[in-house]
Every structure is written in structure tokens, then in C-alpha cells.
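Engineer: Let's see this in three dimensions:
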Amino acid sequence: MGRVGARERSGPPRPRPREGRVINSDAVVLALGPWCGKFELLSCLFRVYGLKAHSIVLRPKEPEAITPHALFLSYYPAQGGKPLDPEVYPRPTGEVYICGMSSEAEIPDDPEEIVGNPESIEVLKSVAGSVSSHLREGEAEVKAEQACFLPCTDDGAPVIGEVPGVKGCYVATGHNCWGILNGPATGAAMAELVLDGQASIVDLSRFSPAI
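Structural biologist: Below you'll find the predicted structure:
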């Protein structure tokens, strides 16, 4: 499913955690996505950066006209330039999720401050109209315009394991757009690592933050 990790926000903002609070624990897992890169403890070992990806959700007037096929496209803008790689996911609800327009960007401290770039959103709308006449302006309602940050590493591999020199401190990040696919296996492997000292279901050696 790839980049369908962005969620449509609803309801009031989440309360901020209290600053200066100390919580004693036997083990801590730092699974903070691209925000792991803001920890000096981790940033001195490896680089995790945020890839800002945009998405829109459309509801066509005739949802039954949309076939249940995910599309992975090479889209060439009319004005020229390098091709884009948008993705289109029809949903069983009748909505269509379209994502893409990714680029490295500075991550805000507060996730609630993440907003999409208007130009990127407009490109996705143009892609939608090119893919299907049922997704053109006037033929589909825009249900959401949004952006999210994907946690990326320089070599493209996630970082999973115990932090060197800090007993009981673990990290799991850097899954890029594949977190929704690899998250369950990562969680199970981390549980084994924390409880048993090693993971049996996945060989985590190549993902260690120590290498």
C-alpha cells in the first residue's frame, strides 16, 4: 500500500505532554519517525530526515464508475521537467486517495503544524483529473488536502536495535513509505529484542544503529 500512512485529521488538537516529567522504566523504544533525527543521542549515530509527502482524498459523484485498481504512475507535467511518481488508491468507501509530490523538508517540532504546499496539492488534483474524468474539478468533492513526513535514511534501510552505549534504549525508525507494511514485523521483532535480548522472527543485525 505504500504511502497511505497520512491520516485525515479530525477533532481537537492532542494535548501537549508535560515538560520536565521523569518516567522510570526498564526499557525505552524511540519510535518517533523522522523526529528521531532531532535527538542528539541518535543524530550522532545516523541520519534520519523527513521526506514531506502530499496527498488528497476525493469523492467522485459517481463512485461506482471508479474501478478498484491501485495505480503507480510516471506522470509527465505539461510544462516539462522530470516525471513525477504519484499513486492512486480507490477505497471501498467510494473515495479515492492520491499521494505523491515528495521532497526533503524541515520537520516542525509540533506535528499539528504540518501543512501541505498549495502547489503540490494542485499538481495532485491535476493528476487526478488526468487519470479519470470522474476525478476532475466539479466531478469530485475534495474531502482532504494534507501532508505527512516519511522517515528516511541515507541508505534507504530502517534503523532497528539497541542504541550503542545506552542499555535498555532502543530505536525503530527510517522505514520511509514502507512503515505501514513493515511496522507489524518491526513491532514484533522489537518486542522479542526487549524481552528476550534478541529477535527470532527477523534478523535485525543489518539494521543495527551500531553499524
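Engineer: What ranges in the protein fall below the confidence cut-off?
Structural biologist: 1-18 (pLDDT under 70).
Engineer: Closest to the centroid, which residue in the chain?
Structural biologist: For the chain, residue 150 is the residue whose C-alpha lies nearest the centre (C-alpha atoms, centre = their mean; 3.8 Å).
Engineer: before we move on, what SS does it have?
Structural biologist: Following DSSP: H, G, I helix; E, B strand; the rest coil, the label given to residue 150 is strand.
Engineer: Quick check: it touching residue 53?
Structural biologist: Yes. Residue 150 lies in contact with residue 53 (C-beta atoms under 8 Å); the separation is 5.7 Å. C-betas here are computed from N, CA, C, even on glycine.
Engineer: residue boundaries of the helices in this protein?
Structural biologist: Remark: helices assigned in the chain by DSSP state H are 40-43, 118-131, 179-196.
Engineer: From residue 124, how far off is the closest residue to the residue nearest to the centre of the chain other than its chain neighbours?
Structural biologist: With C-beta to C-beta, 6 or more residues apart in numbering as the criterion, residue 150 has its nearest non-adjacent residue at 4.3 Å, and that residue is residue 51. From residue 51 over to residue 124 the distance is 16 Å, taken as C-beta to C-beta, to the nearest Å.
Engineer: Same check on residue 27?
Structural biologist: Plainly put, residue 27 is 41 Å away from residue 124 if you go by C-beta to C-beta.
Engineer: and what of residue 50?
Structural biologist: Here residue 50 is placed at a distance of 19 Å from residue 124 (C-beta to C-beta).
Engineer: contacts for stretch 36-53?
Structural biologist: For stretch 36-53, the external contacting residues (C-beta atoms under 8 Å, 6 or more residues apart in numbering) are 3, 6, 30, 32-34, 99-107, 109, 114, 117, 147-154, 159, 163-164, 166, 169, 171, 173-174, 176-177, 209-210.
Engineer: And the buried ones among those residues, selectable in PyMOL?
Structural biologist: Buried members of these, identified by 16 or more other C-beta atoms under 10 Å, are gathered into one PyMOL selection as follows:
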select buried, resi 3+6+30+32+33+34+99+100+101+102+105+107+114+147+148+149+150+151+152+153+159+163+169+171+173+174+176+177+209
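Engineer: Filter the contacts of stretch 36-53 down to the ones in strands?
Structural biologist: Using DSSP state E, the members of the contacts of stretch 36-53 that fall within strands are 30, 99-104, 147-153, 159, 169, 171, 173.
Engineer: wait, isn't residue 65 in contact with residue 140?
Structural biologist: No. Using C-beta under 8 Å, residue 65 makes no contact with residue 140, being 10.7 Å away.
Engineer: between these two, who's got more neighbours?
Structural biologist: The residue with more neighbours, out of residue 65 and residue 140, is residue 140; 25 against 12, by other C-beta atoms under 10 Å.
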